[in-house]
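J.: below are the sequence and a predicted model; questions follow.
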Amino acid sequence: MRPGLLSESLPDHAMIPGGASVAAWPTLLVVDSDAEMLSTLVCYFENRGFHVAAATSIVEAKAICHRRRNWTLVLADFHLPDGTGWELCCWMQEQPGWQNLPFIMMSGSMNCSALCNGADYLAKPFHLDDLEARVRALLGRK
């Protein structure tokens, strides 16, 4: 099992010791076809108190999304094997309850700003602490 595969770990209604619901945890969906990048992001955010689900494609991301309704933020690469991060973002915004879900795209393309026009994005390579600062700013936590 890949690290951070939330869809196979705990359902929304699960309880953790002390009576807190898993649904209350900040939950990120990370989508990137680069296994090393995906693993790095999952480990980084899990070590900082986030619950992380990992997907390598749009199809996999949608399947995970259908299993869990509570997301805090989505972080997706622009170039995915079955489409673009922008297509995933548009699909998620069409889903009930996710219209205002924070979404950050990443791209290593020299045309990153044009590709991600109108969306929050980070150009690869980036420092992980810069990404974390962006995530926390979008979530309103310092």
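T.: Cool, the structure landed.
J.: for Asn117, helix, strand, or coil?
T.: Assigned by DSSP: H, G, I helix; E, B strand; the rest coil, the conformation of Asn117 is coil.
J.: cool, and the one 4 residues further on?
T.: Under the three-state scheme (three-state DSSP), Tyr121 adopts strand.
J.: pLDDT weak spots in the chain?
T.: Applying pLDDT under 70 to the chain flags residues 1-25, 112-113, 115-116, 141-142.
J.: go with 50
T.: Across the chain, the ranges flagged by pLDDT under 50 are 1-17, 19-20, 142.
J.: how about the helices in the chain?
T.: In the chain, the helices defined using DSSP state H lie at 35-46, 58-67, 85-94, 112-115, 128-139.
J.: for those, give me TSV that also has mean neighbour count and distance to Met105.
T.: Bear in mind the C-beta positions are built from the backbone N, C-alpha and C, glycine included. As requested, the helices of the chain are exported to TSV (neighbours: other C-beta atoms under 10 Å; distance: least, C-beta to C-beta, whole Å):
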stretch	mean neighbour count	distance to Met105
helix 35-46	17	13
helix 58-67	16	13
helix 85-94	18	4
helix 112-115	14	8
helix 128-139	14	11
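J.: looking at those helices, which is nearest to Leu122?
T.: When these are compared by C-beta to C-beta, helix 128-139 sits nearest Leu122, at 6.0 Å.
J.: next, the angle from that closest one to helix 35-46.
T.: For helix 128-139 against helix 35-46, the angle by axes from the mean of the first three to the mean of the last three C-alpha atoms, to 10 degrees is 60 degrees.
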